[in-house]
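Peer 1: Here is a sequence with its predicted model. Questions after.
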Amino acid sequence: MAVGGMVGGGIFSTLGVVISIAGGWAWLSFLVARAVAFCTAYAYAKLREDAEEAGGAFTFLRHIDMPNLAGGLAWVLLVGYVLTNAVYAFTFGEYVGNVVDSGPWLARLAGIAIVAVFVVVNLVGVGESSAVEIFLVWFKLVVLVSLAVGGIAEWRPELLSRGVPKADPLTAVFGAASVFMAYEGFQLLTYDYDDIEEPKQTLHRATLRAVGVAVVVYVGVAIGVPMIIGADTIVENKEWSAGWPFIVMSAAG
């Protein structure tokens, strides 16, 4: 669940952006962001042990007797999650519309449809939605790892910065700010604290290991994908960010 929460829309939405900022050092941006994410994940796990009840930042604030701040944060999270899902749904719809070369109406319908599908999946029940998530996570990991390994196997480092402004390692810090959202998601485990077996040990290990898995995938993708089609192609198509794996496979084919 933690890996699926991180290796989701973030990598699809940020790869073109971070390459346009950090160029051939985009992979380092993911490493820098990983350091921050690791510290945050560790803090989340320790706070959860102290609170000993399900919930995220809202529960932490309530636990230290700050109900007003907790209530305000709850609304921020609610609005934030709605907007995040809207962005991903809109991007998905635009990509579908672009693939079939249709008018804007299909893109809007596709965006609405994908939201409706996942609403139904979540309403059906936790067990069924978990099975769907496990399948989707493995599917995404297989696609991303395959692209990363395929690109690194070709080893064409000149493509890492082809067609993008020159950059240095310092730009990776600025790139890290743009990709930190790709590490959001590990906190989902804190909401299921009551359903986790031996939660104090399991939550701590699972959260930190999930961040480790995510960074391996992200660094591999940031190095391997540009070596297949070039950094310029990814940046050029970043507005269709949700569909870059299919752009890569089409170009490679």
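Peer 2: It's in. Numbers count the residues shown, from 1 in each chain.
Peer 1: hey, where'd the helices end up in this protein?
Peer 2: Secondary structure of the chain, counting by DSSP state H: helices at 2-6, 9-22, 26-51, 57-63, 67-100, 104-124, 126-154, 171-179, 199-224, 226-229, 231-236, 244-252.
Peer 1: Residue 188: which of the ones you listed is closest?
Peer 2: helix 2-6 (4.4 Å; CB to CB). Where you see a C-beta, it was placed from the backbone N, CA and C, and this is true even at glycine.
Peer 1: hmm, back to that, format the helices of the chain as CSV; extra columns: mean pLDDT.
Peer 2: Shown next, in CSV, are the helices of the chain (pLDDT from 0 to 100):
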stretch, mean pLDDT
helix 2-6, 83
helix 9-22, 81
helix 26-51, 86
helix 57-63, 73
helix 67-100, 81
helix 104-124, 86
helix 126-154, 84
helix 171-179, 88
helix 199-224, 90
helix 226-229, 92
helix 231-236, 87
helix 244-252, 48
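Peer 1: Kindly reformat those helices as a markdown table containing distance to residue 165.
Peer 2: Formatted as a markdown table, the helices of the chain follow (distance: least, CB to CB, whole Å):
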| stretch | distance to residue 165 |
| --- | --- |
| helix 2-6 | 28 |
| helix 9-22 | 8 |
| helix 26-51 | 12 |
| helix 57-63 | 37 |
| helix 67-100 | 25 |
| helix 104-124 | 31 |
| helix 126-154 | 21 |
| helix 171-179 | 9 |
| helix 199-224 | 17 |
| helix 226-229 | 14 |
| helix 231-236 | 10 |
| helix 244-252 | 20 |
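Peer 1: what would the ones you listed look like in JSON lines with mean neighbour count and distance to residue 188?
Peer 2: JSON lines is the format used below for the helices of the chain (neighbours: other CB atoms under 10 Å; distance: least, CB to CB, whole Å):
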{"stretch": "helix 2-6", "mean neighbour count": "22", "distance to residue 188": "4"}
{"stretch": "helix 9-22", "mean neighbour count": "24", "distance to residue 188": "13"}
{"stretch": "helix 26-51", "mean neighbour count": "20", "distance to residue 188": "10"}
{"stretch": "helix 57-63", "mean neighbour count": "18", "distance to residue 188": "12"}
{"stretch": "helix 67-100", "mean neighbour count": "15", "distance to residue 188": "11"}
{"stretch": "helix 104-124", "mean neighbour count": "14", "distance to residue 188": "13"}
{"stretch": "helix 126-154", "mean neighbour count": "14", "distance to residue 188": "10"}
{"stretch": "helix 171-179", "mean neighbour count": "20", "distance to residue 188": "19"}
{"stretch": "helix 199-224", "mean neighbour count": "19", "distance to residue 188": "10"}
{"stretch": "helix 226-229", "mean neighbour count": "24", "distance to residue 188": "30"}
{"stretch": "helix 231-236", "mean neighbour count": "21", "distance to residue 188": "28"}
{"stretch": "helix 244-252", "mean neighbour count": "16", "distance to residue 188": "23"}
